[in-house]
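>>> how would this look folded up:
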Amino acid sequence: MSKKLLKFNQLNEQSQLNSVKGFSQFFVKMYRDRNMEIISADIDNSFLWDIDREVYRNRFESIDHAAKDTVKYCMNNYRAIINDLNVSFLANGTPELPWEEWYQNKYNQTPEGL
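Numbers count the residues shown, from 1 in each chain. Predicted coordinates:
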């Protein structure tokens, strides 16, 4: 039996929080690796600015610490970004594909030379 997939805005509050926490870990890692092009391609970039500032402020902290701070101060930004990415989730807020796999799929779909 297949699991029902939901869009971010269909998740309950706790599942949205779980989703944001998972995405924040991925986001901080991508920011530090300077791989933001794929993430920023399909969203309103104004939502990134506050998160980027928090990640930068926490640049000497662990990924876990930086991710927790960004969630604390930028929850609404994360919600908007995840909603704009149009990713499907399980009811508990886990993405259908792990974020790293989602990123690789998007990267593979990018036209050569961009």
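>>> show me the contacts for the residue positioned nearest the centre of the chain.
Most central residue of the chain, judged by C-alpha distance to the mean C-alpha position with CA atoms, centre = their mean, is F23 at 3.6 Å. Going by CB atoms under 8 Å, 6 or more residues apart in numbering, F23 touches 78, 81-82, 95, 99. The way it works is simple: take the backbone N, C-alpha and C, and place the C-beta from them, glycine included.
>>> neighbour-wise, which of those residues leads?
Top of those by neighbour number is I82, holding 26 neighbours under the definition other CB atoms under 10 Å.
>>> strands of this protein, start to end?
Assignment of strands within the chain using DSSP state E yields the ranges 6-7, 88-89.
>>> the first one: how far from the chain's middle?
Relative to its chain's centre, strand 6-7 lies at 15 Å (CA atoms, centre = their mean, to the nearest Å).
>>> and the last one, by the same measure?
Computed by CA atoms, centre = their mean, the chain-centroid distance of strand 88-89 equals 12 Å.
>>> can you list the buried residues in the helix or strand bottoming out on mean pLDDT in the chain?
Sorted by mean pLDDT, DSSP states H and E, the helices and strands of the chain end with helix 37-41, the least confident at a mean of 84. When burial is assessed from 16 or more other CB atoms under 10 Å, helix 37-41 yields the following buried residues: 38-39.
>>> what's it packed up against?
Under the contact definition 3 or more CB pairs under 8 Å, 6 or more residues apart in numbering; DSSP states H and E, helix 37-41 sits against helix 99-108.
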